[in-house]
Each structure stands twice: as C-alpha cells, then as structure tokens.
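S.K.: A structural model of the following input is requested.
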Amino acid sequence: MTGGPGLDGMHQLQLFVDGGGVLVTLDNSTKMAAETGIARELEPFQAQGLFHPGSFVQVKARKSNSPLLYGYPELFYVFRGNGPLYQVEKFNREMMVMQYGTKPLKDEVEYTGPIMGMPDKKLTKEKKDEKKDPPYVLSGMVRNEQTIIGHGGIFNVPQGSGRIIAFTFDPLHRYLNHHDAPLVWNVLINWNHLGN
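M.R.: Residues are numbered from 1 along each chain as shown. Next up is the predicted model:
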C-alpha cells in the first residue's frame, strides 16, 4: 500500500494481535512488525558480507512438532532472497521454529573438550568420522553463508493474547516457490493452535 498503514494502522494491528489475532509477516513486512514494536522480541541482525540473492537453501526444523511445519521433514529447502534477518535473545530461542542451515548458532554449541581447551584426540577422531552436513545452497549462490547459518527463518512470537508468525523469507515469492507456500497455509489452518 503506497505510504504504508501509517501510525493509526500500526496501532490497529497491535490491538488485533493483543486481542488474540495472528499476524503473519513475510520477508520485508517482518521489518515493519519488529521495528514498530509489535514483535518486540525480534532484533535486527546484520550478517557481515552476506550476499543472498534468490537461492534455494537448506533449512532445519527447530520445532518439528509445530503446526507451522506440518508436512515438512526435519531438513528441507526454501527459497530465500536478500532480505532482513532477525534474532532473539538466547532465552527466547524457543520462538525459532525453523533455522537456516543445519548447524546451531555458535553460542548454542556445548563445550565437550577436556580441561583448558586441550583437544580430545578421541573426540577429534569421532568428528572426522561423522557424516558431513548437507550443503547450504541447493540452487543459486550465496556469499558468506556462514553468517546466516543457525539464524531463524520462522519465528512464532507471542504478543498479548495473540502472536506474530514472522518469516524472514517470502514463502509466496512471485508464485515460484510452491514448496514453501504450505508454510503459510499451515498458519491459516492452525491459527488457534500455534502456542509455543
């Protein structure tokens, strides 16, 4: 909408969510909800050097039992272009329903080495024997992908009596990515069963 909803429109959205409504934001509209205070827990994240034009990339369900992910396996691919990224405080990470890539954020990796950070030869050998993670990019290209891996792709943010379902990609992008569209249908069909 030219000019946007304005302050009154944003206030009405806030009242809608606080009163029990579900607000779905896709890609750049997530910025509007986060930066006007409707989704207070979402904080902008600047991924240094990230260049992420339209590409199909690996994602991982962090909450496989969420109605938002009905019909999707633990690992799948979505289409993501350049767009804003958001994060939540560590104590709010249960709001992350889906993440980019398969590895956790660095602050979520548990320390397993022996005293004083000395490498454990047995653990090092086991790590070498582990299966490699699937590649992040299935089709397209991404520069500096390590800066996005582990960050949230879908957030389920409670607000008042309602909630915001915030996508940091567009699952309805130009009607090209049919595989992603059911993520939105899952929100619409299960709007009253989205509690964390």
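S.K.: center of the protein, which residue is that?
M.R.: Nearest to the mean C-alpha position of the chain, by CA atoms, centre = their mean, lies residue 153 at 1.6 Å.
S.K.: where's it relative to residue 78, distance?
M.R.: Residue 153 sits 7 Å away from residue 78, going by CB to CB, to the nearest Å. Bear in mind the C-beta positions are built from the backbone N, C-alpha and C, glycine included.
S.K.: okay, and the common contacts of those two?
M.R.: Jointly contacting residue 153 and residue 78 under the rule CB atoms under 8 Å, 6 or more residues apart in numbering are 59, 169.
S.K.: residues contacting the residue lying closest to residue 190 once chain neighbours are set aside?
M.R.: Counting by CB to CB, 6 or more residues apart in numbering, residue 190 lies nearest to residue 67, which is 3.7 Å off, once chain neighbours are set aside. Residues in contact with residue 67 (CB under 8 Å, 6+ apart) are 186, 189, 190, 193, 194.
S.K.: Kindly recompute the last result at 10 Å.
M.R.: 97, 156, 186, 187, 189, 190, 191, 192, 193, 194, 195 (CB atoms under 10 Å, 6 or more residues apart in numbering).
S.K.: ok, the first one touching residue 165?
M.R.: Pointing back at residue 97 there. Yes: with contacts counted by CB atoms under 10 Å, residue 97 reaches residue 165, the gap being 8.3 Å.
S.K.: Overlap of the contact sets of those two?
M.R.: 68, 154, 155, 156, 183, 194.
S.K.: what's the neighbour count on the first one?
M.R.: By other CB atoms under 10 Å, the residues close to residue 68 number 23.
S.K.: Could you give the bridge partners of the residue lying closest to residue 140 once chain neighbours are set aside?
M.R.: Counting by CB to CB, 6+ apart, residue 140 lies nearest to residue 55, which is 2.8 Å off, once chain neighbours are set aside. Assessed by DSSP bridges, residue 55 has beta-bridge partners residue 80.
S.K.: Which residues belonging to the lengthiest helix in the chain are considered buried?
M.R.: Longest helix in the chain by number of residues (criterion: DSSP state H): helix 6-18. Neighbour counts over helix 6-18 (16 or more other CB atoms under 10 Å) mark 10, 13, 14, 17 as buried.
S.K.: For the residue nearest to residue 140, give its distance to residue 171.
M.R.: 15 Å.
S.K.: With residue 21 instead?
M.R.: 20 Å.
S.K.: Kind regards, and thank you for your time.
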